[in-house]
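Peer 1: here you go, sequence then predicted model.
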Number of protein chains: 2
Amino acid sequence: MTLRVGVVGGGQLARMMIAPAVELGIELRVLAETGGMSATLAATSVGDYHDAETVLAFAREVDVVTFDHEHVPQPVLRALVDAGVAVHPGPDALQYAQDKLLMRARLTELGMPQPDWAAVSDAAGLQDFLDTHGGRAVVKTPRGGYDGKGVRVVGAATEAEDWFAALAEDAHGGQLLVEELVEFRRELSQQVARRPSGDVIAYPVVETIQRDGVCAEVIAPAPQLSTRLAEVAAMVGTTIANGLAVTGMLAVELFETTDERVLVNELAMRPHNSGHWSQDGAVTDQFEQHLRAVLDLPLGDPSPRQPYTVMVNILGGPAAGDIDERFGAVMAEHPAVKIHTYGKAPRPGRKVGHVNAVGDDLDDAVYDARAAAAFFAD
Amino acid sequence: MTLRVGVVGGGQLARMMIAPAVELGIELRVLAETGGMSATLAATSVGDYHDAETVLAFAREVDVVTFDHEHVPQPVLRALVDAGVAVHPGPDALQYAQDKLLMRARLTELGMPQPDWAAVSDAAGLQDFLDTHGGRAVVKTPRGGYDGKGVRVVGAATEAEDWFAALAEDAHGGQLLVEELVEFRRELSQQVARRPSGDVIAYPVVETIQRDGVCAEVIAPAPQLSTRLAEVAAMVGTTIANGLAVTGMLAVELFETTDERVLVNELAMRPHNSGHWSQDGAVTDQFEQHLRAVLDLPLGDPSPRQPYTVMVNILGGPAAGDIDERFGAVMAEHPAVKIHTYGKAPRPGRKVGHVNAVGDDLDDAVYDARAAAAFFAD
């Protein structure tokens, strides 16, 4: 019996599951939003993931359903579960990735280190929070934000007026999330994998470097991180995976504060950009690990293969021409750099691929990865 | 312009090109012999590779044609070249992989170290060779042999009578190849990659362990090999790749003799079982390297990632049940071992997958890889 994993969503995360699925002999089926997406090679269906019937029909042909993104609506997820489909991560876990207010409240219950936060339903509430947190704060729409969208730093409640107006028009009423503006030294990401039967393993914590709210670079493991903070990060990741009953890969985005704490910023319940380094830098990459985890197979060794791996995103892609046309130059100059492309048309700021450089020397790896990525983005 | 590589043959070598093709964004198209083969995910056509029209139709949709095996007849290869198709390796190179007598003659011209050999057309000729080489020798049919088939150790000319009889019935006349029985310490394999524009790179030479004429294990790099012999092996591989104008991956199977020489045993002009270790053990695995080479892209770094990689074939597969059903046990006991399966039905002696173990300690890697493979074969 060949194991069959169904992935809802045809983006690059689904695409990068193809390689480990082929090697393990797992049949990967993808429900893509449209034709010609990143995961086209494994796309067995095209349809709307908002439609329960579409997703149910897709799910009946696989052993487990998992996801390229966290946007499948709760009623669709519940319909799958009600129909007896194995869904990993399940709706109970995914609600915390879909609603940042739910997430903050649940992490508070779990005692996880977080920025100060509040749910605010009007300008007065926001102004109160600002007044008690140094006059500046981060306001977030609880749902629908990603890559910096739905996030705004404000110094006065009036700066979120449009969002409050939108809330007022929302039949559900609703609130905004406001968070303390954290003084952080850098951003980290802690990935863990968890099986439905309970085993959890933690990847090394990595440093993530954002530009314009989008992940630009990752250094694995995070350089010069104290052993204590690394342990805390792993504990936080493991506690959240268990506490929220996450299955598959979980990424916990963290702030490392200037006073040597880690605070949870965001959660992602799927393979994550901060784990792309693992394709070439870890014994078990996050895409193989995700497949193992959602199939409830024993988890693989998450250890680094070499001291450092540096991942640099290819953002926007070549101004003119195709990624393929840059292969010659990049490969000639950087024979040890690993290139990963997503089969996407270039567009300013769009993630169209990434490169990994692995080695003993961090400076060399950073140089190699940045220089190779620059060839593509020029 | 997405680069398109067409592979003739749908076996496991084509299958293992899928993973690097997806990551590089190369469109892989496979002309499979039948449906449901190992490379089924990338199979865009099913047809007979002996038929020039079939192969030509397939070739028109790709940028370059390459191969899962060396069995495409010369007239078909020549028809492709005549039609302006880029074919790598080309017919001029492939003829030496298809005919062992041609190969021996050409390697003699190139001054390569080989066993003593002769072309013999009758029992008397074979007996002469035996009489001058200690009374025992290896007889090979020049064409069609693989994995020990078409190879026979004989102590008297009468033991090859059936083959001479078959030769006599062959309209082409024809000869058998007879080779000195080499006293070897062990078998090695030297892989090199060569681009059409001429660049060649050599992989570390590996030790191959055969059982019943079939590759069972590979240790990369070959332990305790003298620097001198490693240099000779690399020189031999490079010289043959250049001398025969091989494009793509070339494997040179070698004997390491008891008097510290290397002698060329066989050639393979494609990715090769002796290079499967590179999927997890080298910076650039042989499948990515083959794609780069046949597309005439700059070659990747062939360096090992860690001191040792051990590959063990899964031969025959589970006596009962499916490889997938063994995943739980293997993954639980060997979380760092990498599993590769070919999607083939188990059959005694059939290669249905392999495992790789990578590490600093050779004994540990050998133990891990053998133990993991044994779980599958039991």
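Peer 2: Good, I have the coordinates.

Peer 1: what parts of the stretch 151-300 of chain A come near chain B?
Peer 2: Residues of the stretch 151-300 of chain A found near chain B, taking CB under 8 Å from any CB of the partner chain as the criterion, are A:279, A:283-284, A:292, A:297-300. Backbone N, C-alpha and C define where each C-beta goes, glycine included.

Peer 1: what about 7 Å?
Peer 2: Applying CB under 7 Å from any CB of the partner chain, we find that the stretch 151-300 of chain A lies next to chain B at A:283, A:292, A:297-300.

Peer 1: by neighbours, which of the residues you listed wins?
Peer 2: Neighbour count (other CB atoms under 10 Å in any protein chain shown) singles out A:G300 as the most crowded of those, with 25 neighbours.

Peer 1: next one, pLDDT for the residue nearest the centre of chain A please.
Peer 2: Most central residue of chain A, judged by C-alpha distance to the mean C-alpha position with CA atoms, centre = their mean, is A:H272 at 3.3 Å. Taken from the predicted model, the pLDDT recorded for A:H272 is 98.

Peer 1: measure it to chain B for me?
Peer 2: Per CB to the nearest CB, to the nearest Å, A:H272 is found 17 Å from chain B.

Peer 1: starting from A:V7, give me the distance back to that residue.
Peer 2: For A:H272, the distance to A:V7 equals 15 Å [CB to CB, to the nearest Å].

Peer 1: so what pairs up with A:V5 in the strands?
Peer 2: Taking DSSP bridges, one finds A:L28, A:V64 as the beta-bridge partners of A:V5.

Peer 1: does it touch A:L291 like I think?
Peer 2: Yes. Proximity of A:V5 to A:L291 meets the contact threshold set by CB atoms under 7 Å, at 5.9 Å.

Peer 1: chain B contacts on the stretch 1-150 of chain A?
Peer 2: With the criterion set to CB under 7 Å from any CB, the stretch 1-150 of chain A comes near chain B through A:1-3, A:15, A:18-19, A:22-25, A:41.

Peer 1: name the element the residue lying farthest from the centre of chain A belongs to?
Peer 2: With CA atoms, centre = their mean as the measure, chain A has its most outlying C-alpha, relative to the mean C-alpha position, at A:A124: 33.2 Å. For A:A124, the element it lies in under DSSP states H and E is helix A:123-132.

Peer 1: pull out the buried positions in that helix.
Peer 2: For helix A:123-132, a neighbour-count test (16 or more other CB atoms under 10 Å in any protein chain shown) marks A:125-127, A:129-130 as buried.

Peer 1: wait, which of those residues is closest to A:I201?
Peer 2: Within those, the smallest distance to A:I201 is 37.4 Å, found for A:F129 (CB to CB).

Peer 1: and that closest one, what does it touch?
Peer 2: Shown in contact with A:F129 (CB atoms under 7 Å, 6 or more residues apart in numbering or on different chains): A:118, A:120, A:137, A:178.

Peer 1: could you list the domains of chain A?
Peer 2: Described in terms of automatic domain parsing, the domain architecture of chain A consists of the residue ranges A:4-87, A:116-180, A:184-377.

Peer 1: in what helix or strand does A:H290 lie?
Peer 2: Here A:H290, judged by DSSP H and E, is contained in helix A:286-294.

Peer 1: next one: phi and psi at A:Q279?
Peer 2: Summarising the backbone geometry of A:Q279 under the convention degrees, to the nearest 10, its torsions are phi -60, psi -40.

Peer 1: kindly report the same for the one 3 residues further on.
Peer 2: When quoted as degrees, to the nearest 10, the phi and psi of A:A282 stand at phi -120, psi 160.

Peer 1: that one pairs with what?
Peer 2: On DSSP bridges, the residues paired with A:A282 through beta bridges are A:P304.

Peer 1: about what we covered before: farthest pair in the buried residues of helix A:123-132?
Peer 2: Checked with CB to CB, the buried residues of helix A:123-132 reach their widest spread between A:G125 and A:L130, with 9.9 Å between them.

Peer 1: show me the residues around whichever residue of the stretch 151-300 of chain A sits closest to chain B that make contact.
Peer 2: Going by CB to the nearest CB, chain B is nearest to A:P298 of the stretch 151-300 of chain A, at 3.8 Å. When the contact criterion is CB under 7 Å, 6+ apart, the partners of A:P298 are A:292, B:328, B:331-332, B:335.

Peer 1: ok, and the most crowded of the residues you listed?
Peer 2: Using other CB under 10 Å as the neighbour criterion, A:R292 leads the contacts of A:P298 with 23 neighbours.

Peer 1: these two touch, right, it and A:G300?
Peer 2: Yes. Between A:R292 and A:G300 a contact is recorded at 6.0 Å, counting by CB under 7 Å.

Peer 1: which residues are in contact with both of these two?
Peer 2: Between them, A:R292 and A:G300 share the contacting residues B:M331, judged by CB under 7 Å, 6+ apart.

Peer 1: my guess is A:A14 contacts A:G6. True?
Peer 2: No. Shown here, A:A14 and A:G6 do not form a contact pair, counting by CB under 7 Å, at 10.0 Å.

Peer 1: more crowded one of the two?
Peer 2: Legend: neighbour count by other CB under 10 Å for A:A14 and A:G6, higher for A:A14 (32 against 27).

Peer 1: tell me the secondary structure at A:R106.
Peer 2: When classified by DSSP: H, G, I helix; E, B strand; the rest coil, A:R106 comes out as helix.

Peer 1: ok, now the one 5 residues further on?
Peer 2: Going by three-state DSSP, the secondary structure assigned to A:G111 is coil.

Peer 1: can you get me a residue count around it?
Peer 2: Residues near A:G111, counting by other CB under 10 Å: 9.

Peer 1: same thing with A:G343?
Peer 2: By other CB under 10 Å, the residues close to A:G343 number 19.

Peer 1: repeat for A:D122
Peer 2: Should you count by other CB under 10 Å, A:D122 turns out to have 14 residues around it.

Peer 1: how close does it sit to A:A160?
Peer 2: Distance from A:D122 to A:A160, counting by CB to CB: 10 Å.

Peer 1: about what we covered before: ok, of the residues of the stretch 1-150 of chain A next to chain B, which come out buried?
Peer 2: A:3, A:15, A:18-19, A:22-25, A:41.

Peer 1: which of these fall in helices?
Peer 2: Filtering these for membership in helices, criterion DSSP state H, returns A:15, A:18-19, A:22-24.

Peer 1: farthest-separated two in those residues?
Peer 2: The most widely separated members of these, counting by CB to CB, are A:R15 and A:L24 (16.1 Å).

Peer 1: any regions of the stretch 201-350 of chain A where pLDDT drops low?
Peer 2: A:317-321 (pLDDT under 70).

Peer 1: need the residues that contact the helix holding A:H290.
Peer 2: Where contact means CB under 7 Å, 6+ apart, the residues beyond helix A:286-294 that reach it are A:5, A:16-17, A:20-21, A:24, A:26, A:64, A:66, A:88, A:191, A:193-195, A:247-249, A:271, A:275, A:278, A:298-300, A:302, B:331.

Peer 1: distance from it to the middle of the chain?
Peer 2: Distance of helix A:286-294 from the chain centroid (CA atoms, centre = their mean, to the nearest Å) equals 14 Å.
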